[in-house]
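Chemist: what's the 3D shape of this:
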Amino acid sequence: CSVLIYYLAEMGIYNVNIEPSVLTLMVSCGIFVACCSATVLGTFSPVLFDRMNMDPAVASGPIVAAFNDLLSTTLFIAVAYSIYSIFALA
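Modeler: You can find the predicted model right below:
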């Protein structure tokens, strides 16, 4: 994914005023953090639901899916903005 983003930005397909390497770093780190948070959430939520005396199989599905979407999107935007503010605004 990162190589594709870099080459598309280098060829001028993406019309952003950022270096292609910074854009690649923003997207790659954002996706990595979002995937890691989804893994941690999916791993520990059944344990949490079991301690709350709820059926982990039933409770994990819709709650984890909704919270994972919100958390992953928020973390992706936060990581991308922080990398943008470090490299592009400096």
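
Chemist: all helices of this structure, in order?
Modeler: With DSSP state H as the criterion, the chain has helices at 2-11, 20-51, 56-87.

Chemist: now those as a markdown table including mean neighbour count and mean pLDDT?
Modeler: C-beta coordinates here come from the backbone N, C-alpha and C atoms, glycine included. Below are those laid out as a markdown table (neighbours: other Cβ atoms under 10 Å; pLDDT from 0 to 100):
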| stretch | mean neighbour count | mean pLDDT |
| --- | --- | --- |
| helix 2-11 | 14 | 77 |
| helix 20-51 | 16 | 86 |
| helix 56-87 | 14 | 85 |
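
Chemist: identify the residues contacting the nearest residue to Val79 once chain neighbours are set aside.
Modeler: Once flanking residues are discounted, Val79 sits nearest to Gly30: 4.5 Å by Cβ to Cβ, 6 or more residues apart in numbering. The contact partners of Gly30, taken as Cβ atoms under 8 Å, 6 or more residues apart in numbering, are Leu75, Phe76, Ile77, Val79, Ala80, Ile83.
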